[in-house]
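A.B. asks: Mind looking at a prediction? Sequence and model below.
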Amino acid sequence: METKTITDDINIVGTIKKLMWFNSLTIAQLSRDTGISVGAFYSWFNHTREPKLSTCVILADYFNITLDELVFGLTE
């Protein structure tokens, strides 16, 4: 039996994608609104980098959600 770690539940990129879809936002629009580069979004979506904490704060504020909701996913 494998042990589950807290990082198993982290899905920042999935949450960002859901929020973009719910709000009909493109990467370009979100980049313009938040000041986060388009390249940063592509690197997260391609799983070559993870968002920094400071960037997560910006996104949580933009979408009016908590950091927990951004990191661990939205509750239904």
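C.D. replies: Thanks, I have it.

A.B. asks: how about the helices in this structure?
C.D. replies: Assigned helices in the chain, in chain order: 12-22, 27-34, 38-45, 53-63, 67-72 (criterion: DSSP state H).

A.B. asks: ok, how many other residues are close to residue 22?
C.D. replies: Residues contacting residue 22 under the criterion other CB atoms under 10 Å number 10. In short, each C-beta sits where N, CA and C put it, glycine included.

A.B. asks: residue contacts, it?
C.D. replies: Residues touching residue 22, when contacts are defined by CB atoms under 8 Å, 6 or more residues apart in numbering, are absent altogether.

A.B. asks: Please convert the helices of the chain to TSV, extending it with mean pLDDT.
C.D. replies: Rendered in TSV, the data for those read as follows (pLDDT from 0 to 100):
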stretch	mean pLDDT
helix 12-22	94
helix 27-34	97
helix 38-45	95
helix 53-63	96
helix 67-72	92
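
A.B. asks: check contacts around residue 67.
C.D. replies: 56, 57, 60.

A.B. asks: Would you check how far apart it and residue 61 are?
C.D. replies: For residue 67, the distance to residue 61 equals 10 Å [CB to CB, to the nearest Å].

A.B. asks: again, but for residue 39
C.D. replies: Residue 39 sits 21 Å away from residue 61 when distances are taken as CB to CB.

A.B. asks: what does residue 70 give?
C.D. replies: Here residue 70 is placed at a distance of 10 Å from residue 61 (CB to CB).

A.B. asks: okay, the two: which has more neighbours?
C.D. replies: The residue with more neighbours, out of residue 70 and residue 61, is residue 70; 23 against 12, by other CB under 10 Å.
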